[in-house]
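Asks: The following block contains a protein sequence and its predicted model.
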Amino acid sequence: MASMEIYEKRIVRETKRRRKGRREWKIEIPNDVMEEIVMKLPVRSIARFEAVSKHWESMIKTRDFWARHMAHQKKNKDPKLMFVSFGYKQIHFEQRDLETTCLEESPCFEIEEVKGPLEISECCDGLVCFYCLTQAVTVVNTATETALSPLPLANFQRLHKEHPDPDLLDRYVMVDMMDEDDGDAPLPFISFTMFGFGKDKVTGRYKIVWLYNIYPATLNKKKKTRCEVFDLEEWRWRFVTTRPLDHHQILSNQRPPCANGLLYWLTGDEQGYPSTQTKLIVFDIHTEMFHITSTPPFISPDASSDKIGLCNLDGRLCISELKGDCKQEFWWRVEECDKWERIFSVDLNSTSSWFGGITSQPLTPLAISRDNNKVVLSLTHQKNLVDFDLDPDSTVYHLYYSGYYGLAVPYFPSLVLVHGTF
């Protein structure tokens, strides 16, 4: 028995020694390593780390951390697709996985009652803007479910709010007023102007650029456009010169894409309708200067601007032309060597069954999935989305998504903070 008691005491002493050793043994992970680990987490997970300590909170709220988190996503992940739909007093944002279309998040924002069509901007670092002709712009981060206070009205908006012009009734009201016998007669006004939203690639500032045609065009035979810029850090609208655009007007109802710090528009005729003398309008968000350039050489010299498509595809400017044989070729800009690269072509005869039989309007590619090597295609005012296999030898199209939505935009969940909420 004595030997057993000695043995048990020895076991107890050894156990205490080991426990003490474990308490004294600590793993020290350097802060920079922890930052790299946290940076790869989803936005909602990262937000929880703000409660760990003041150090973590201050680090996560820095612009440098936001930028590194966004750069990691764009390099290593497919974007999400954000489906936007408008209710009477609400805007719904449905975030879906690009590969599976599974619903992941569905935030909803309350809005004031508005008269006229609501528009949504292109997405920039997870931020989107919604607005209408006479209502203030609101900038939203759907991942963090926060929003800036409504922006002050642009001069362009105040003009229409304070001095409504019956010739500039919104397009939906005007369509209802038209006689059915008029058929598809063009509306005698520029129905709506959409602004560009992007980031200064030098300073990192986010800016709204509202370029619009002067109406009526006869007011000034030389100066055809005006431009207002809103810097989210300056918090005011200001005019910038459009002198390089003298004698040029923009094609109405186009949403200008932003790629590599530049915004792009197509030109139209004096009333904002399609023209066969199409040029590219380019705006440098950093220098806030415009210039006019010809369309790339693969675009037909006399191509009508309503047959040319512009968009941001996977971070690059993508341009396409719908030819007379219903074939549409897509090219994108390779900034590293300042060249254009053909990426794929589409036969609209093969996609028209999903798009109401339409073969006369160019399709818009929304996003490319690296996982399954497919591109998702959309058509304005059509509810279906189609995907296309990017294999050069494939001509296979599939119905990718069908359902009600107002707009679909590629989207990377963002940590960018906006102060103030609904």
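Replies: Perfect, I can see it now. In this text the structure is predicted, and so the values were computed from the model without any measurement.

Asks: And the residue nearest the centre of this structure?
Replies: Central residue of the chain (C-alpha atoms, centre = their mean): Cys123, 2.2 Å from the mean position.

Asks: So which residues of the stretch 101-250 of the chain form strands?
Replies: All strands of the stretch 101-250 of the chain, identified by DSSP state E, counting those that start in this stretch, fall at 103-105, 108-110, 119-120, 127-132, 135-141, 146-147, 196-199, 206-213, 225-231, 236-240, 249-250.

Asks: How is this structure divided into domains?
Replies: The chain breaks down into these domains under automatic domain parsing: 2-66, 78-411.

Asks: mind giving me TSV with the strands of the stretch 101-250 of the chain and columns for distance to Pro274, mean pLDDT and mean neighbour count?
Replies: For glycine as for every other residue, the C-beta is placed from the backbone atoms N, C-alpha and C. Formatted as TSV, these follow (distance: least, C-beta to C-beta, whole Å; pLDDT from 0 to 100; neighbours: other C-beta atoms under 10 Å):
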stretch	distance to Pro274	mean pLDDT	mean neighbour count
strand 103-105	37	88	13
strand 108-110	34	85	13
strand 119-120	20	86	21
strand 127-132	24	90	22
strand 135-141	27	91	21
strand 146-147	36	88	18
strand 196-199	20	96	24
strand 206-213	14	93	22
strand 225-231	17	94	20
strand 236-240	26	95	14
strand 249-250	12	90	24
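
Asks: which one of the ones you listed lies closest to Phe330?
Replies: strand 196-199 (21.0 Å; C-beta to C-beta).

Asks: Paired strands for that closest one, with orientation please.
Replies: Note on strand 196-199: by DSSP bridges, its sheet partners are strand 206-213 (antiparallel).

Asks: how far is the partner strand from where the chain is centred?
Replies: 15 Å (C-alpha atoms, centre = their mean, to the nearest Å).

Asks: Could you check the angle it makes with strand 225-231?
Replies: With axes from the mean of the first three to the mean of the last three C-alpha atoms, to 10 degrees defining the directions, strand 206-213 sits at 170 degrees from strand 225-231.

Asks: Identify each buried residue in the helix or strand Val282 falls within, please.
Replies: Using DSSP states H and E, Val282 sits within strand 279-284. For strand 279-284, the neighbour count (16 or more other C-beta atoms under 10 Å) marks Lys279, Leu280, Ile281, Val282, Phe283 as buried.

Asks: which secondary structure elements does that strand contact?
Replies: With contacts taken as 3 or more C-beta pairs under 8 Å, 6 or more residues apart in numbering; DSSP states H and E, strand 279-284 sits against strand 206-213, strand 262-268, strand 289-294.

Asks: Measure how the last one sits relative to strand 206-213, angle-wise.
Replies: Here strand 289-294 points in a direction 60 degrees away from that of strand 206-213 (the same axes, to 10 degrees).

Asks: What is the subsequent helix or strand relative to strand 289-294?
Replies: Later in the chain than strand 289-294, the nearest helix or strand by DSSP H and E is strand 308-313.

Asks: Paired strands for that following strand, with orientation please.
Replies: Using DSSP bridges, strand 308-313 pairs in its sheet with strand 316-322 (antiparallel).

Asks: Alpha carbons only: can I get the partner strand in PDB?
Replies: Output in PDB follows, covering the C-alpha atoms of strand 316-322 (Å, rounded to 0.1, in the frame of the first residue of the first chain):
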ATOM      1  CA  ARG A 316     -11.000  45.900 -67.300                       C
ATOM      2  CA  LEU A 317     -12.800  48.100 -69.900                       C
ATOM      3  CA  CYS A 318     -14.800  45.800 -72.200                       C
ATOM      4  CA  ILE A 319     -16.100  47.000 -75.500                       C
ATOM      5  CA  SER A 320     -18.200  45.100 -78.000                       C
ATOM      6  CA  GLU A 321     -20.100  45.700 -81.300                       C
ATOM      7  CA  LEU A 322     -23.300  43.900 -82.400                       C
END
